[in-house]
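>>> Below are the sequence and a predicted model for it; my questions follow.
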Amino acid sequence: MRLISTCLAVVMLSLTSIIADVSAGVPNTFTPGTTAKSSEVNQNFDFVNYGNIVVKANGTEVGPFLGRGLGAHSMSTLNQQGYFFDLEMDGNIVTMSLLFTTSNCSGIAYGSSELTGQVIKSRDGRIFYLPKTNASIPIPLTVNSYIGANSPNCNAASYADMLTPLTINDPSVTGVTSGSFTPPITIERR
């Protein structure tokens, strides 16, 4: 039980560090080296699980806080249309790699299968999404080139992966009108 409490405390410390600037933060905070009570840890999980934490852009709610995103200082959120994306603190959607089956980064751009239902931004600023429909069922393909998240160059590759074709963003479907939101980006309690 003590090991579980310690593990949960570490998880909660990670969560509380992400939302440290929230004046009405989670109900309980924990100090390293002390034992956390399971009831307090559960209160914190309930706080997050009941949608009490939201991401806001310039005071306007973007969606519920889902957790830490893939970027160094990003958070995952889900908008009203049910699409999720990682949002950096500067307001930009996290840049993701584009994968190609061709050797020269041309043709259909693909995303990893785990991104279904996600909106992403490419290095050149284009917005894509992976539909939440049966049309977006991942297929096994070989990646032969990619444009990385941090480099505009086409890079050679050769590996098999489950891929889903990316669709150019349609704001009427995704609810995302651009690759950035007006800062400041905050995480707040409802």
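Looks like it came in fine.
>>> Could you pick out the longest strand of the protein?
strand 154-165 (DSSP state E).
>>> any idea which helix or strand comes after that strand?
Note on strand 154-165: by DSSP states H and E, the next helix or strand toward the C-terminus is strand 167-168.
>>> Quick check: mean pLDDT of the next helix-or-strand element following that next one?
The helix or strand immediately downstream of strand 167-168 is helix 171-174, counting by DSSP H and E. Averaging pLDDT along helix 171-174 gives 95.
>>> what helices or strands is the helix or strand following helix 171-174 leaning on?
Once the chain leaves helix 171-174, the next helix or strand it forms, by DSSP H and E, is strand 185-189. Other elements packing on strand 185-189 under the criterion 3 or more Cβ pairs under 8 Å, 6 or more residues apart in numbering; DSSP states H and E are strand 53-57. Using the backbone N, CA and C atoms, a C-beta is placed for each residue, glycine as well.
>>> Now do the buried residues in the following helix or strand past the strand it packs on.
Proceeding N to C from strand 53-57, the next assigned helix or strand is strand 60-68, under DSSP H and E. Across strand 60-68, burial judged by 16 or more other Cβ atoms under 10 Å covers 62, 63, 64, 65, 66, 68.
>>> pLDDT and distance to residue 34 added to those, as CSV?
Listed next are the buried residues of strand 60-68 as CSV, based on pLDDT from 0 to 100; distance: Cβ to Cβ, whole Å:
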residue, pLDDT, distance to residue 34
62, 88, 34
63, 89, 34
64, 88, 30
65, 86, 26
66, 85, 28
68, 82, 23
